[in-house]
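**Student:** quick one, what's the 3D model for this:
(3 chains)
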Amino acid sequence: MSENLKIIEIEVLRYHPESDREPHLEVYKVPFTDDMSVLQGAQYIKDNFDGSLTFRWSCRMAICGSCGMMINGIPKLSCETFLRDYHPNRIRIEALAHFPIEKDLVVDLSGFIEKLESIQPYIIPKEPRSLEQGEYLQSPQQFNDYIQFTSCINCTLCYAACPQFGLNPDFIGPAAIALLHRYNMDSRDGAAEERMELVASEEGVFNCSAVGYCSVVCPKHVDPANAVNINKTNAAKDYFLRFLSPKGGSK
Amino acid sequence: MEIFKADVVIVGGGGAGLRAAIAVAESDPSLKIALVSKVYPMRSHTVAAEGGAAGVKKPTDSFEYHFHDTVGGGDWLCEQDVVEYFVRQAPIELTQLEHWGCPWSRTEDGHVNVRAFGGMKIERTWFAADKSGFHILHTLFQTSIKYPSIKRFDEHFCVDLVEEDGRCQGVVAIEMSTGEFSLIEAKSVIIATGGAGRVFRESTLGGIVTGDGMALAYRHGVALRDMEFVQYHPTCMPVTGLLFTEACRGEGGYLVNKDGYRYLQDYGLGPLQDKPKNKYMELGPRDRLSQAFFFEQQKGRTIEHPTLGSVVHLDLRHLGEAYLRERLPLIYEMAETFMGIDPAKEPIPVRPGVHYTMGGIKTDGQCAASLKGLYAIGECSSVGIHGANRLGSNSLTELLVFGKVAGVEAARNAKTAAPGNSANLLKQAQAVEQRVMALKTKSSGTERISVIRKEMAQTMEDGCGIYRVEKTMQATCDKLAELRERFKNINIDDKSSVWNTDWLTAIELDYQLDVAMAMAHSAINRKESRGAHQRLDGFEQRDDVNFLKHSEAYYVAGSAPRIALGDVKITTSQPAARVYGAAGEKADQERKASHV
Amino acid sequence: MSKRRPYVRSMDGWWKKNPYFIEYMIHESTALFVAAYAFILLVGLVRLGQGEAAWSGWLDALKSPLSLTCHVVFLVAILYHTYTWFKIMPITMPPIIVGGKRVGPEVITGSGLLAALVASLVLLGLVWRLAL
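**Tutor:** Residues are numbered from 1 along each chain as shown, chains lettered A, B, ... in the order given. Sure, this is the predicted structure:
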């Protein structure tokens, strides 16, 4: 493998809160093979040049959602982005946009986690069922209604792609709303109405101006923009139906 | 130091930890639960499980079949009473998960579907496409949010247990974002930290799978049981080790050598089958398939790839693109993204890689370890259902079934046990802080973490691979002893407090070295071949007279572990020849006839 | 004392940082041309109500070189707006299922563009016939 070893320059946005006033770029020359991901490039730097380079990673197979970064300005999972696709040009990696940087490539995700928690991301049964009664039945149609929105790996690339989140960090944002939509669309769940207040709130779907970039960068084809925009319609319907029925309009 | 007083603390936020947390919350909402995890729970490695979870579903299936598949698959090193409980609880827990929203794949009539899996007599693997672990983990994480009594300590790294009068009374953890220490007091401590496969080189595992909890319990005198049994998954991506699920074969994929020959028919798994047939050919157990690869390689019948090394082909082409996209979407994408291969058009090069640690923290059937107040569940534990070789899709079910058991038991214990002496526990925690800080602040070290880690992984692969001999195992034991020494001279580049992963990686390496030693010494001590432990140096046969026993590794500070042998619980299944394919079917019929 | 000091990056000039955002801003700003043209038509309507002289004046104004140049610019902007509007349409609507299969985004965008084209041609035809 060593005969086809090439060198790529990786420019990393570094920030150490205890010693740096603000982030700055540092360049590393990394030898690589064609099968090496950007994540492996970062690991190479940490293992061989500077152990203090800090980033999250785990599964290496684009399912744990840890290793999102801005790669040449585009939010991507670094484990499934390959150095060969950038060579011989320099590649720049930075912490995911729109989040506060904790250190180097690690961002503060606590706000995102709070949003996930706020949307009641669990089945609130429409009809309770005991374990003895076995599973709920779901037709292929009912299954297809929500399955796409279950694929989110919480990598938050969509937040790094959403300027509205950048401008208003309180916006619940694409992934959390997609998850909310996932539960609303599940035939086992009966709590869409409970979740409507949040959908229509100041932090809710109307922050979205349909930029649509969140769906472009989503590595799992969840299409969060679709979830957000369907819920705009739902919220508008609910608002107007409230005038007609005291119960409101949500299903 | 921050102090948090909980009733139950759970270390590890993967499938097992989350299931336990929910069980505690449901058994008594007044109990305070601390869930400590070094990553956000949905990053835990449960997420990467692909194929599915086993539980009797079809009318043609039975608990007895599942029991026999599991015990035979484990080469009779299972705790049979525990397996009996496990197979009965399995469908209940899988249904519970369905009620919580897990998107199990379904049949046209709306019921949960099941697929075939290696070593299983009847289709009984519940699956969510090929992202079963992902869906199980996210379902559990999201469901756990419903319970206000679960307080999560996300991105907190556990560095030690505290104990008093022979009782475990809490844990010490580092908040990764600040580098500050916390003492979490609790009357019950559940360890659910997953496996340790990253001590090997080529593995399917995430970077976090470093055996932390195993090392913690081990250092506190709890035995690590059956650590020599390390599962090689037969179909992994070469170099990276990434997993191509067994479901590839369950759905009908073939394994072929360089001649396009389905070589498994030469290894007691035949005769050849066109359609997937349970316990035949590609649906044999993982240990047998990985071992067959080894012999194909010896015979020069593997494919020598210019950059990937020796491989065989996983051929899915005959299944067609549409079917593959529906049943194996992740596999399809992985082949495309990582290897530039369209599996509907080309076969996928694969070879075995380390996947699972059958052994772990020794517990009884109620998940209790020998240290009072301490419980262990999931891959880090050895409750006794996997024996010498785990069957694919038993482990996802395990973390549900025993996650619940541990949660209920820990809750019961927390309600009766007395709290520890806080001043005393704090003193212990401060000593821990001093010790762990010293690793970072000392300045004289010269060894790089990555160098020791690589040497450890290489020597584990050399000595504790698919086939083992005394000489290389001894070399591995010696090398590990050397690395243990060199670790004392480690250098940590990063001296800061905030998000110091350099420091945490060193602590992980410390854990890994202990676990690796337990594995290597357990292996060299087992002078027979059983399940995933296969020897080529005069111990090629199973030896039930001397080794129908569990290995138990006990920690000895500054030295090699002490290895003891423990009894195996046998209820209804007496050890017999472990056969698959046509021979397996014949043995099955004979067993049935003798029962009538 | 925590040593955390999360660094918040500025959002200044965010839309220049990514070609996708630039396209989005152009899309949004071309909406101004749509509005402006609606306003011009509205003025025409008002002038029509004010009598023949006013109406003729408005028509003459439309024929000026400046107006013709503006029309070309407006046409380009509105065409771009139409294109990008239909391009994001698939993400804004619930899934459409035909024959058990979900209709793809390119089909939705294509049908939208086709509908716009047909509507424009019909309108053009009508006006053409009136003018004859």
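
**Student:** what helix or strand is residue B:163 on?
**Tutor:** strand B:156-164 (DSSP states H and E).

**Student:** elements contacting that strand?
**Tutor:** Counting contacts by 3 or more C-beta pairs under 8 Å, 6 or more residues apart in numbering or on different chains; DSSP states H and E, strand B:156-164 packs against strand B:33-37, strand B:167-175, strand B:180-185, helix B:212-219, helix B:422-441, helix B:501-525. C-beta: built from backbone N, CA, C; applies to glycine.

**Student:** one more time with 7 Å, if that's ok
**Tutor:** Contact analysis of strand B:156-164 by 3 or more C-beta pairs under 7 Å, 6 or more residues apart in numbering or on different chains; DSSP states H and E lists strand B:33-37, strand B:167-175, helix B:212-219, helix B:422-441 as its packing neighbours.

**Student:** now these in TSV, with mean pLDDT, mean neighbour count and distance to residue B:397?
**Tutor:** Below are the helices and strands packed on strand B:156-164 laid out as TSV (pLDDT from 0 to 100; neighbours: other C-beta atoms under 10 Å in any protein chain shown; distance: least, C-beta to C-beta, whole Å):
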stretch	mean pLDDT	mean neighbour count	distance to residue B:397
strand B:33-37	98	27	21
strand B:167-175	98	25	27
helix B:212-219	98	27	20
helix B:422-441	97	15	35
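
**Student:** any chance of CSV for those, columns distance to residue C:40?
**Tutor:** Converted to CSV, the helices and strands packed on strand B:156-164 look like this (distance: least, C-beta to C-beta, whole Å):
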stretch, distance to residue C:40
strand B:33-37, 62
strand B:167-175, 63
helix B:212-219, 70
helix B:422-441, 71
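
**Student:** save those as TSV, and put in distance to chain C too.
**Tutor:** Listed next are the helices and strands packed on strand B:156-164 as TSV, based on distance: least, C-beta to the nearest C-beta, whole Å:
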stretch	distance to chain C
strand B:33-37	19
strand B:167-175	9
helix B:212-219	24
helix B:422-441	14
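
**Student:** and the angle for the strand holding residue B:163 with strand B:180-185?
**Tutor:** Following axes from the mean of the first three to the mean of the last three C-alpha atoms, to 10 degrees, one obtains 40 degrees for the angle between strand B:156-164 and strand B:180-185.

**Student:** can you list phi and psi of the residue lying closest to residue A:220 once chain neighbours are set aside for me?
**Tutor:** If the residues on either side of it in the chain are set aside, residue A:220 comes closest to residue A:151, at 4.4 Å by C-beta to C-beta, 6 or more residues apart in numbering or on different chains. Main-chain torsions, residue A:151, degrees, to the nearest 10: phi -80, psi 0.

**Student:** what is the burial count for residue A:151?
**Tutor:** The number of residues packed near residue A:151 is 22, by other C-beta atoms under 10 Å in any protein chain shown.

**Student:** who's in contact with it?
**Tutor:** A:220-222 (C-beta atoms under 7 Å, 6 or more residues apart in numbering or on different chains).

**Student:** likewise residue B:173?
**Tutor:** Contacts of residue B:173 by C-beta under 7 Å, 6+ apart are B:36, B:153, B:156-159, B:182, B:184.

**Student:** now do residue B:225
**Tutor:** Residue B:225 neighbours (C-beta under 7 Å, 6+ apart): B:359-360, B:362, B:382, B:550-552, B:566.

**Student:** for the residues you listed, which one is nearest chain A?
**Tutor:** Distance to chain A, by C-beta to the nearest C-beta, is smallest for residue B:360 among the contacts of residue B:225, at 19.9 Å.

**Student:** what's the following helix or strand after the helix or strand where residue C:27 lies?
**Tutor:** Using DSSP H and E, residue C:27 sits in helix C:19-49. Toward the C-terminus, helix C:19-49 is succeeded by helix C:52-63 as the next helix or strand (DSSP H and E).
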